[in-house]
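> Here's a sequence, model it:
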Amino acid sequence: MTEVRRGLTDLTWPKRTDRLVLRPMTADDVDAVWVYRSEPEASEWLERLDSERDSIEQHLLHRDGDPQLVVEFDDDVIGDLMIAVQDGWSQAEVGDSAAGVEAELGWVFTPEQGGNGLATEAVEEVLRICFEDLGLRRVVADCFDGNEPSWRLMERVGMRREGHAVRESLHREHGWLDRYSYALLADDWRARPR
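The predicted model follows:
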């Protein structure tokens with residue numbers, strides 16, 4: 001019998017931490033998301049530069065798959081998060097067992113909230129959602145090597161650097177840059193001190 005995997009739409013929202021609320025993005029959030037995603041400090045490392053508010057709505061709110069999440073602090077949207085559930089790599093004969101067992105993570109936070117632990121708190125909740133609510137076995141995340149705040153965040157939440165690809169990723173302003181790949185297993189999540 002094949003196990004039925006849960007997705008983000010199967011969960012009860014919102015999720016709350018000590019200081020934050022995480023929930024699926026709505027049309028009412030697009031203006032706030034547009035503001036911080038337009039700031040040079042945030043937009044420099046984004047995969048796509050949305051030059052108009054409507055492109056944010058199309059790209060994030062109406063994308064296929066799992067919904068984009070927003071992070072609220074004191075009733076203000078301060079960031080957005082992606083949890084893209086995907087299949088693990090496998091040989092063909094065991095492909096069913098690798099279906100929907102991992103997720104790729106991504107995030108953007110308003111630069112004004114940097115340094116107060118909110119991004120760490122949000123990503124730790126995302127990891128909890130992945131491993132405890134969704135029952136995933138592995139999460140992964142990538143970034144340009146120059147995006148130090150992002151890779152430092154990955155390390156703070158316990159992710160390990162598994163790859164360093166040399167001049168592998170083309171940046172729109174900086175040319176060919178190195179890319180770091182990070183991952184965390186459910187076993188490591190469960191074994192870490194609380």
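> Check which helices and strands the one helix or strand in the chain whose mean pLDDT sits lowest sits against.
Among the helices and strands of the chain, helix 53-56 carries the lowest confidence by mean pLDDT, DSSP states H and E, at a mean of 74. Judged by 3 or more CB pairs under 8 Å, 6 or more residues apart in numbering; DSSP states H and E, the packing partners of helix 53-56 are helix 30-37. Quick note: C-beta positions are derived from backbone N, CA and C, even for glycine.
> looking just at contacts, which helices and strands does the helix it packs on meet?
In terms of contacts (3+ CB pairs under 8 Å, 6+ apart), helix 30-37 is packed against helix 53-56, strand 76-86, strand 102-109.
> how much does the longest one deviate in direction from helix 30-37?
Meaning strand 76-86. Counting by axes from the mean of the first three to the mean of the last three CA atoms, to 10 degrees, strand 76-86 points 90 degrees away from the direction of helix 30-37.
> Now do strand 76-86 against strand 102-109: the angle between them, please.
When the same axes, to 10 degrees is applied, the directions of strand 76-86 and strand 102-109 differ by 160 degrees.
> What segments of the protein are strands?
Secondary structure of the chain (DSSP state E): strands at 15-16, 20-24, 69-73, 76-86, 102-109, 138-144, 160-171, 175-185.
> export the second one as PDB, just CAs?
This means strand 20-24. Coordinates of the C-alpha atoms in strand 20-24 are reproduced here as PDB (Å, rounded to 0.1, in the frame of the first residue of the first chain):
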ATOM      1  CA  LEU A  20       5.400  35.100  14.700                       C
ATOM      2  CA  VAL A  21       2.400  33.900  12.600                       C
ATOM      3  CA  LEU A  22       3.000  31.900   9.500                       C
ATOM      4  CA  ARG A  23       0.100  31.400   7.000                       C
ATOM      5  CA  PRO A  24      -0.500  31.100   3.300                       C
END
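> residue ranges with poor pLDDT in the protein?
1-5, 51, 62-63 (pLDDT under 70).
> if you count residues, which helix in this structure comes out on top?
helix 118-128 (DSSP state H).
> mind listing what's buried in it?
Within helix 118-128, the residues scored as buried using 16 or more other CB atoms under 10 Å are Leu118, Ala119, Glu121, Ala122, Val123, Glu124, Glu125, Val126, Leu127.
> just curious, which of the residues you listed is nearest to Ala27?
Ala27 lies nearest to Ala122 out of the buried residues of helix 118-128, by CB to CB, at 21.4 Å.
> how close does the closest residue to the closest one other than its chain neighbours get to Leu118?
For Ala122, ignoring the flanking residues on the chain, the nearest one in space by CB to CB, 6 or more residues apart in numbering is Val71 at 4.7 Å. With distances taken as CB to CB, to the nearest Å, Val71 is found 7 Å from Leu118.
> Now the common contact residues for these two.
Any residue near both Val71 and Leu118 by CB atoms under 8 Å, 6 or more residues apart in numbering counts here, and that gives Leu20, Ile78, Gly79, Phe109.
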